[in-house]
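Visitor: Just to be clear, the model below is a prediction. Sequence and coordinates:
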Amino acid sequence: MGNNSYYREPVETMDRDMLNELIDERVRYTIRYANDHSPFYQQWFKEHRIDPAVIKTHEDLLELPIISGADIRAHQPPVSSEFMFRSAAMEDIFTIHETSGTSGTPKSFFLTWQDWERYAEKYARTFTSQGFSRGDRLVICASYGMNVGANTMTLAARDLGITIIPTGRCNFPIRIIRNYRPTGIVGSVFKLIRLARQLKAEGIRPEESGMKKLVIGGEAFAEESRAYLAELWGCDVYNTYGSTEGTMCGECTAHQGLHVPEDLVHMDIYDSRLKKFVKDGTCGRIVLTTLLPVGAACGMLLINYDTEDTTLVLSRDRCTCGRTHMRIYTPQREAETVWIRGASMNRVDIERGVFVRENMEYITGEYEAFLYAGDDREKTVMRVSMECKDPSGPGRELVAENFRKTFFAVKPLLRHQYEEGLFTLDFNFTAPDGLELASISGRPKRLVDRR
Ligand SMILES: [Zn+2]
């Protein structure tokens, strides 16, 4: 692709007016494709008395209803006999996927080979924007399962000349680092913190391991934990946001938010009740629409789909990296948000209080928090457990004080409740592997509401 700093320069650096024209052309084609190829959308347009031909621009999408994960589940077996969302003939489907949904029944996804190429391109653009190029060696710790992330990242490497080491998990032998000298790892914050500890235990300083970049795949984190991870490894840490639904956004070297590949996926931000579109800079739910290049085929597409994740648009102006595609704040999961007497709190707010730099001299970063109803039901008690390097050692009061200071600084409504005695904070310090989540397999749940 010639220029080292972009994967597809003309599209990635396109002026806003031209980009909008391209987006609108793809909106028209995608809507027509949905109506022509997907039984679900045919019925959906009819039911809502929408003439697909009147949807001409991305603004017109705001007039359409929102589709949820529940709609997908309600239009696939066992509820219906067919996969109603599928939008290509079965013999044209290259792979079938399932999302590991937290709510029971997985959602099925169908991808044609063209979908694979588009998904891979989104990752190829992100990796390029993070400075990966020919000669880099990248360990993929994300799982090669029924989701698409690890597989499409691997395909992305093909065009970039990156060597992939597909471990599929983070607890790989240290030999992998010693023998192959990877220059990057795609993993999760906590697994990369653990890996650094494991390296140290084997006499290797992580900052001398040859690592140049860490890429976080698919999780929200606090800036504090990113900073700690960057310090541990002595290298840059980049965030990505990807899903089987086809988001795949990523931070560039400017670290000014995650670029959304706007020519391939359209993102609108709605208020929490999904009633209206919110302005740039306001936090809300990510609602996405697949965008197909004119003439393209697609195995399954989404129109106005509620991702159940929240973010805000940081900017639609040209980034210092030269890209014009809009940038969003690190998305958070709505499922990790709780409400306490009208005050909202996300798991990431707790993480911010844990990862205060001074705290890291005493704790490992592993944490979990539980909410309980107080004695008179009016009160809420939050108990934060943190894993300590030495639970009998000093530092507890300091860690607790740092937590309170940092947490309440971003949660003024909860500070007020705390001062009124309606919200209590308890701290618990455990030995290594002493957290409840250490004994539970699967994705750890770090914020548990037991009210
Ligand atoms: Zn940028």
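Guide: Great, that's in hand.
Visitor: got the residues of the stretch 151-300 of the chain near the ion?
Guide: Residues of the stretch 151-300 of the chain found near the ion (CB under 5 Å from the ion) are 252, 254. C-beta here means a position set from N, CA and C on the backbone, and glycine is covered the same way.
Visitor: and the residue of the stretch 151-300 of the chain found nearest the ion, what does it touch?
Guide: Distances between the stretch 151-300 of the chain and the ion by CB to the ion are smallest at C252, namely 3.3 Å. Remark: with contacts taken as CB atoms under 8 Å, 6 or more residues apart in numbering, C252 is in contact with 129-130, 259, 319, 321, 323.
Visitor: Turn those into JSON lines, including pLDDT and neighbour count.
Guide: What follows is these, written out as JSON lines (pLDDT from 0 to 100; neighbours: other CB atoms under 10 Å):
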{"residue": "S129", "pLDDT": "97", "neighbour count": "24"}
{"residue": "Q130", "pLDDT": "97", "neighbour count": "23"}
{"residue": "H259", "pLDDT": "98", "neighbour count": "24"}
{"residue": "C319", "pLDDT": "97", "neighbour count": "21"}
{"residue": "C321", "pLDDT": "96", "neighbour count": "19"}
{"residue": "R323", "pLDDT": "98", "neighbour count": "23"}
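Visitor: which of those residues sit farthest apart?
Guide: Using CB to CB, the contacts of C252 span at most 13.0 Å, a distance reached by Q130 and C319.
Visitor: what's around H416, how many residues?
Guide: 14 (other CB atoms under 10 Å).
Visitor: my guess is it is in a helix, correct?
Guide: Yes - according to DSSP: H, G, I helix; E, B strand; the rest coil, H416 belongs to a helix.
Visitor: Relative to the ion, how far out is it?
Guide: H416 sits 38 Å away from the ion when distances are taken as CB to the ion, to the nearest Å.
Visitor: Buried residues of stretch 310-325, list them for me.
Guide: In terms of neighbour count (16 or more other CB atoms under 10 Å), stretch 310-325 has its buried residues at 310-314, 319, 321, 323-325.
Visitor: And the furthest pair within those?
Guide: Farthest pair in the buried residues of stretch 310-325, by CB to CB: T310 and C321, 24.8 Å.
Visitor: which stretches of the chain have low pLDDT?
Guide: 1-4, 101-103 (pLDDT under 70).
Visitor: now do 80
Guide: Applying pLDDT under 80 to the chain flags the ranges 1-4, 100-104, 218, 376-377, 441-443.
Visitor: hey, where'd the helices end up in it?
Guide: Per DSSP state H, the chain carries helices over the ranges 9-12, 16-37, 39-47, 69-74, 113-129, 149-160, 175-180, 189-201, 223-233, 347-354, 396-410, 412-419.
Visitor: got the CA coordinates for the first one in CSV?
Guide: Extracted C-alpha coordinates of helix 9-12, given in CSV (Å, rounded to 0.1, in the frame of the first residue of the first chain):
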residue,chain,number,x,y,z
GLU,A,9,-4.8,6.3,2.6
PRO,A,10,-7.5,7.8,0.3
VAL,A,11,-10.3,6.6,2.4
GLU,A,12,-8.7,7.0,5.8
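Visitor: Go through the helices of the chain and name the closest to A431.
Guide: Using CB to CB, those put helix 396-410 closest to A431, at 13.2 Å.
Visitor: residues making contact with the closest one?
Guide: 224, 349-350, 352-354, 356, 358-359, 362-363, 384, 386, 414-415, 418, 425, 427, 429.
Visitor: any idea how far stretch 33-49 is from the chain center?
Guide: Stretch 33-49 sits 29 Å away from the centroid of its parent chain (CA atoms, centre = their mean, to the nearest Å).
Visitor: same check, this time on stretch 290-310
Guide: That offset, for stretch 290-310, works out to 17 Å (CA atoms, centre = their mean).
Visitor: residue furthest from the geometric center of this structure?
Guide: The outermost residue of the chain, judged against the average C-alpha position, is D376 (37.9 Å), by CA atoms, centre = their mean.
Visitor: quick one, what contacts that one?
Guide: D376 neighbours (CB under 8 Å, 6+ apart): none.
Visitor: burial count for the spatially closest residue to V11 that is not a sequence neighbour?
Guide: Distances taken as CB to CB, 6 or more residues apart in numbering place D263 nearest to V11, at 5.3 Å, with adjacent residues excluded. When counting by other CB under 10 Å, one arrives at 20 neighbours for D263.
Visitor: One more: K46?
Guide: The burial count for K46: 11, using other CB under 10 Å.
Visitor: That one and the ion, how far apart?
Guide: Separation of K46 from the ion (CB to the ion) stands at 42 Å.
Visitor: That residue: what's it in contact with?
Guide: For K46, counting by CB under 8 Å, 6+ apart, there are no contacting residues.
Visitor: Equivalent analysis for F83, please.
Guide: 75-77, 108, 110.
Visitor: residue contacts, the nearest residue to L422 once chain neighbours are set aside?
Guide: In this structure, L422 finds its nearest non-sequential neighbour in K379, 5.5 Å apart by CB to CB, 6+ apart. Applying CB under 8 Å, 6+ apart, we find K379 in contact with 373, 421-424.
Visitor: do that again at 10 Å, thanks
Guide: 340-341, 372-373, 417, 420-424 (CB atoms under 10 Å, 6 or more residues apart in numbering).
Visitor: Repeat that for I162.
Guide: 124, 127-128, 132-138, 153-154, 156, 183-184.
Visitor: 8 Å instead?
Guide: 127, 132-134, 136-138, 156.
Visitor: and which of the buried residues of stretch 310-325 is nearest to A120?
Guide: Of all these, H325 has the smallest distance to A120: 17.3 Å, by CB to CB.
Visitor: coming back round to it: among the contacts of K379, the buried ones, what's the PyMOL command?
Guide: Burial among the contacts of K379 is assessed by 16+ other CB under 10 Å; the matching PyMOL selection reads:
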select buried, resi 340+372+417+422+423
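Visitor: Near the ion, which residues of the stretch 301-450 of the chain are found?
Guide: 319, 321, 323.
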